[in-house]
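A.B. asks: Build the 3D model from these lines:
(one chain, ligands or ions: 1)
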Amino acid sequence: MNQFNLPKPPQTFSALEKKCEEIGFTMPSDSEVGALLRTLVASKPSGNILELGTGIGLSLSWMADGLDQNSQLTSVDNDPKLINIVNEFFGEDSRINIICGDGAEWIQKHQSEKFDLIFSDAWPGKYSELDEVLAMVKTGGFYIIDDMKPHPNWPEGHAEKAANLMQKLESLPNFVITQMDWSTGVVVATKTKV
Ligand SMILES: C[S@@+](CC[C@H](N)C(=O)[O-])C[C@H]1O[C@@H](n2cnc3c(N)ncnc32)[C@H](O)[C@@H]1O
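C.D. replies: Modelled structure (predicted):
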């Protein structure tokens, strides 16, 4: 039988997890998706990475761990309390740019910027501004989302929205997508042409 070892978490991981419990943040990305993101970020030397939905910084901690010295990572969240916490952990890292602001507005203002990997973990860039965000992925770059498996916390009507999003992603002529019934339900999409 194959042996699947748990991925070694980033250095900041346990302190962030503690903080998460302390403030009662219930929406952090899990370690499976974190480890996947770290691997994919590491596949992009000198990469330009975007995260929409910084949260408590758990997915950010995994991505930062895969980031080389010449890469840049921008992470956007509209909650100042969370951004303050995340700044305590990553504010000194010159590769990481943490933005407090509305994701939709940020996307509109940065349409001309292109990214090697976008992890969309907030409403904007997933259930809104999807076309705009997909246009910001470089050819050969990744667009990644999680939380696609039905969850008891989903409000009424969300399952339909998730199904529509999946259908839209499947129909894109310039992305090759893989849906994974794993972790919280992950989609990895790679852009093949503009
Ligand atoms: C699923 S959580 C992100 C979790 C994060 N990846 C982590 O590992 O901690 C979604 C985040 O999106 C943020 N958010 C919600 N609406 C937003 C908006 N319009 N613009 C920017 N961020 C938003 C929330 O504050 C929340 O932190």
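A.B. asks: those strands in this structure, which residues are they?
C.D. replies: Along the chain, the stretches classed as strands by DSSP state E are 48-52, 72-77, 96-100, 115-120, 137-145, 175-180, 186-191.
A.B. asks: a markdown table for the ones you listed, including mean neighbour count?
C.D. replies: Bear in mind the C-beta positions are built from the backbone N, C-alpha and C, glycine included. Supplementary listing: those in a markdown table, determined by neighbours: other C-beta atoms under 10 Å:
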| stretch | mean neighbour count |
| --- | --- |
| strand 48-52 | 25 |
| strand 72-77 | 22 |
| strand 96-100 | 18 |
| strand 115-120 | 25 |
| strand 137-145 | 20 |
| strand 175-180 | 14 |
| strand 186-191 | 20 |
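A.B. asks: Which among these is found nearest to the ligand?
C.D. replies: Nearest of the strands of the chain to the ligand, taken as C-beta to the nearest ligand atom: strand 72-77 at 4.4 Å.
A.B. asks: The closest one near the ligand anywhere?
C.D. replies: Yes - using C-beta under 6 Å from any ligand atom, strand 72-77 reaches the ligand at 76-77.
A.B. asks: of all of this protein, which residue lies closest to the ligand?
C.D. replies: For the chain, C-beta to the nearest ligand atom, closest residue to the ligand: residue 55, 2.4 Å.
A.B. asks: shouldn't that residue be in contact with residue 23?
C.D. replies: No - judged on C-beta atoms under 8 Å, residue 55 makes no contact with residue 23 at a distance of 10.9 Å.
A.B. asks: So for the two, which sits in the more crowded spot?
C.D. replies: residue 55 (24 against 12; other C-beta atoms under 10 Å).
A.B. asks: contacting residues for the more buried one?
C.D. replies: Neighbouring residues of residue 55 by C-beta atoms under 8 Å, 6 or more residues apart in numbering: 25, 27-29, 77, 82, 121.
A.B. asks: mind running it again at 7 Å?
C.D. replies: Going by C-beta atoms under 7 Å, 6 or more residues apart in numbering, residue 55 touches 25, 27-28, 77, 82, 121.
A.B. asks: Return the members of those residues classed as buried.
C.D. replies: The neighbour-count criterion (16 or more other C-beta atoms under 10 Å) marks 25, 28, 77, 82, 121 among the contacts of residue 55 as buried.
A.B. asks: which residues in this protein form helices?
C.D. replies: Using DSSP state H, the helices of the chain run over residues 13-23, 31-42, 58-66, 80-90, 103-109, 130-135, 158-170.
A.B. asks: okay if I get the ones you listed as TSV plus mean pLDDT?
C.D. replies: TSV is the format used below for the helices of the chain (pLDDT from 0 to 100):
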stretch	mean pLDDT
helix 13-23	96
helix 31-42	97
helix 58-66	98
helix 80-90	98
helix 103-109	98
helix 130-135	98
helix 158-170	98
